[in-house]
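Engineer: Let's see this in three dimensions:
(chains A and B)
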Protein chains: 2
Amino acid sequence: MSKKMKNIPIILMGCGGVGRQLLQHVVHCRPLHNNMGIHLRVVGVCDSKTFLVTPDVLSTEFDDAFLMDICQTKSDRLSLEKHFDSGKCEASPYSEVRRKLNDIAARLGFVLVDCSASSETIEVITQIVNLGGCTVLANKKPLTGSMEEFDQLFLQPRRVRHESTVGAGLPIIASLNRIISSGDEVTRIVGSLSGTLGYVMSEVENGKPFSEVVKAAKDLGYTEPDPRDDLSGMDVARKGLILARLLGQRIDMNNIKIESLYPDKMGPDMMTLEDFLANGLPLLDNDIEERVKKASSDGKVLRYVCILQNSTCIIGIHEVPKDSALGRLKGSDNVVEICSRCYAHPNPLVIQGAGAGNDTTAAGVLADIIDLQDQFPYTNTGN
Amino acid sequence: MSKKMKNIPIILMGCGGVGRQLLQHVVHCRPLHNNMGIHLRVVGVCDSKTFLVTPDVLSTEFDDAFLMDICQTKSDRLSLEKHFDSGKCEASPYSEVRRKLNDIAARLGFVLVDCSASSETIEVITQIVNLGGCTVLANKKPLTGSMEEFDQLFLQPRRVRHESTVGAGLPIIASLNRIISSGDEVTRIVGSLSGTLGYVMSEVENGKPFSEVVKAAKDLGYTEPDPRDDLSGMDVARKGLILARLLGQRIDMNNIKIESLYPDKMGPDMMTLEDFLANGLPLLDNDIEERVKKASSDGKVLRYVCILQNSTCIIGIHEVPKDSALGRLKGSDNVVEICSRCYAHPNPLVIQGAGAGNDTTAAGVLADIIDLQDQFPYTNTGN
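Structural biologist: Next up is the predicted model:
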């Protein structure tokens, strides 16, 4: 018996936490996607050293057992090189990826999924999209380089999806694109887009010293190994830049005013992590405490947010009303408030929920892949 | 000079508030959509009496001046019959619509937009979709008939969009479809999906008598002319049914437990509107006041919600925690809380904002139309 199916070839770059979780989701969702008339056919995977591809991308795919093997390999923190001799794939060094992907794109339309953290994928992604392929990004860096690179990639906007670059799987990009395409002009976006800094700001609100809250967040695994990677605001700034560019702002990272939560003299090049935690961080407590008190006396609380308004993008601590969606935020949820003609102040569109984690980030990537299905033709598959 | 464009033909059923607003949005968004490489070509409009269509659907369209004339006609509460003699269209009586639309569908792929409130459009919509066309619905009724009708329409799920059937333009359906397609199993949805009842429940929370709040809501224009149309819960039940069916529940309206906010003996067939407002409604004050007090003593507040859980759909007054997104709701905003694996209790995905009004409802319809663009081929248009 044959069934009308969409057959969507996928090549994955980056098999760390999110990429690995994505492969697991793909396997787990087989029955669901089969019911939807969709088959996701993984034909290549790539880590920072090695590119594995099926012997014939037109007719073969990695079977689920092999995909699970790959997940195990990456879970064991080993390289994909391990699978060289499996007989199930051809392997190339990473330096060959671009040439290989171009060769494949000439023969096959596929979705190039970027779950890496590399700043070097933008060229190959753009090339694949402009050759007729599609891309789904969890990696923010391809979208936060030069404006020219961004423009080149979005020459084919319908073949590019990147929900998981802002707020993980939260439907922020999809919703914003709907608002924009309906001509509902966005006047302001305020977002708490770091689970880590959301947690920190809601805890200091309760009177706890900043230094203790940051150390607790580190112990809970909420922060990067060096919490300064969160406290610098750079990650929030990348998300802010992506939203700003969707709104039509033609800006770069260096046009964004970013408030770091530690001074330059406590930076990683000036102070060891241990020194920062023991001696630097406590010096910051008083200032934060003063700001919390000042805000509180005005019925407000502090949040670390990105604010997009009047063609600018500002990243930093901001006083927000206690009884707004942002002000009521607790724990590590993300929230965005979008004001527009239809969602006018003080009643913005609010989207809130978990904005981090491999599971939800990979779910956002998978939803993006499925949303690209109309780019692929039906094939009659024996079933 | 020629430019690669998507040319999307549209036929609109229902030119009342939402339909008329949609035509205005379409005209207003011409420059935006042109930049996106999209031209929306309105080739037909239909009210309850008359179907107007361009003389040649393959090559002509209603120009913007004519679309604005149509808006004016409907704003003046006149029939489209008025345009019979304009020379810009062919006209048919409503009884011919189905045959006419089938004829057009045989020659042209188009989007059939249902902004009517009719329960009789389901057959023609299904027919058009199964002939290769697309549909966008603001009208809930085609989705709330029999399960069989629903199944027939969703044989081609990618060609059906209906964001504005639940929460107006709020991105609820789009977000839910993303969650479902990523295999993130939804365990519970609780939604306050009536701006009117949201307003009523948040006002009685402050100690005002139910009867006075309902009358105030009527005076503010928040309710239907007969507020019992809101208080019956039927409109919320239709939205609940649509969400339930998206989650895979195979149920009909008569499987839904609906709590009406007035007893049968005060129904429109038993009591005039005047009698209900003057003598019926005040009799309900005590009961609501008691329930508000009881909830309050548990740290909760009352909300009129739909609850989807364990394959059931329940509509009625429900106690919710004061400090949840639902509990904090004020005014006429809609809110939904979606619990799933990725958005687990007590941290649901929350979507909140204006859930009514012609502007936002029509914006949701327009976003749906634009989202269907991949169903239409590029054409080279002289520009």
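Engineer: so A:Ile288 touches A:Phe210, yeah?
Structural biologist: Yes: applying Cβ atoms under 8 Å as the test, A:Ile288 and A:Phe210 come out as touching, 4.1 Å apart. For the C-beta atoms, the positions are set from N, CA and C on the backbone; glycine is no exception.
Engineer: The two - which one has more neighbours?
Structural biologist: A count of neighbours by other Cβ atoms under 10 Å in any protein chain shown puts A:Phe210 above the other of A:Ile288 and A:Phe210, at 24 against 19.
Engineer: For chain B, see how far away the more buried one is.
Structural biologist: Computed with Cβ to the nearest Cβ, to the nearest Å, the distance linking A:Phe210 and chain B is 24 Å.
Engineer: what does the stretch 101-250 of chain A have sitting close to chain B?
Structural biologist: The interface of the stretch 101-250 of chain A toward chain B, taken as Cβ under 8 Å from any Cβ of the partner chain, is made up of A:157-158, A:163, A:169-171, A:174-175, A:178-179, A:181-184.
Engineer: overlap in contacts of A:Ile288 and A:Phe210?
Structural biologist: A:Val204 (Cβ atoms under 8 Å, 6 or more residues apart in numbering or on different chains).
Engineer: Just read off the phi/psi values of A:Cys15.
Structural biologist: Dihedral angles phi and psi of A:Cys15 (degrees, to the nearest 10) take the values phi -110, psi 30.
Engineer: Which residues are in contact with it?
Structural biologist: With contacts defined as Cβ under 8 Å, 6+ apart, the neighbours of A:Cys15 are A:23, A:45-47, A:70-71, A:74, A:80, A:115.
Engineer: Which ChimeraX command selects the buried ones in the residues you listed?
Structural biologist: Buried residues among these (16 or more other Cβ atoms under 10 Å in any protein chain shown), as a ChimeraX selection:
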select /A:23,45,46,47,70,71,74,80,115
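Engineer: Out of the contacts of A:Cys15, which sit inside strands?
Structural biologist: With strands taken from DSSP state E, the overlap with these comprises A:45-46.
Engineer: Nearest to chain B among the contacts of A:Cys15?
Structural biologist: For chain B, the closest of those turns out to be A:Leu23, at 12.7 Å, with distances computed as Cβ to the nearest Cβ.
Engineer: who touches the closest one in this structure?
Structural biologist: A:Leu23 touches A:12, A:15, A:42, A:45, A:67-68, A:70-71, counting by Cβ under 8 Å, 6+ apart.
Engineer: ditto for A:Ser192
Structural biologist: If you count contacts by Cβ under 8 Å, 6+ apart, A:Ser192 has them with A:198, A:201, A:303-305, A:326, A:329, A:334-336.
Engineer: mind putting the residues you listed in CSV, neighbour count, secondary structure and pLDDT included?
Structural biologist: Rendered in CSV, the data for the contacts of A:Ser192 read as follows (neighbours: other Cβ atoms under 10 Å in any protein chain shown; DSSP: H, G, I helix; E, B strand; the rest coil; pLDDT from 0 to 100):
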residue, neighbour count, secondary structure, pLDDT
A:Gly198, 25, helix, 94
A:Met201, 26, helix, 95
A:Arg303, 24, strand, 96
A:Tyr304, 22, strand, 97
A:Val305, 28, strand, 97
A:Leu326, 23, coil, 93
A:Leu329, 22, coil, 90
A:Asn334, 23, strand, 97
A:Val335, 26, strand, 97
A:Val336, 28, strand, 97
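Engineer: Could you work out the most separated pair of those?
Structural biologist: The span of these, defined through Cβ to Cβ, is set by A:Met201 and A:Val336 at 15.5 Å.
Engineer: just the buried members of the residues of the stretch 101-250 of chain A next to chain B?
Structural biologist: So, by 16+ other Cβ under 10 Å, the buried ones in those are A:158, A:163, A:169-171, A:174-175, A:178-179, A:181-184.
Engineer: Now do the strands in chain A.
Structural biologist: Secondary structure of chain A (DSSP E): strands located at A:2-13, A:38-46, A:50-53, A:90-93, A:111-114, A:134-137, A:160-161, A:186-192, A:257-258, A:300-309, A:312-321, A:333-340, A:349-354, A:378-382.
Engineer: what's the weakest-modelled helix or strand in chain A?
Structural biologist: The least trusted helix or strand in chain A, going by mean pLDDT, DSSP states H and E, turns out to be strand A:378-382, with a mean of 68.
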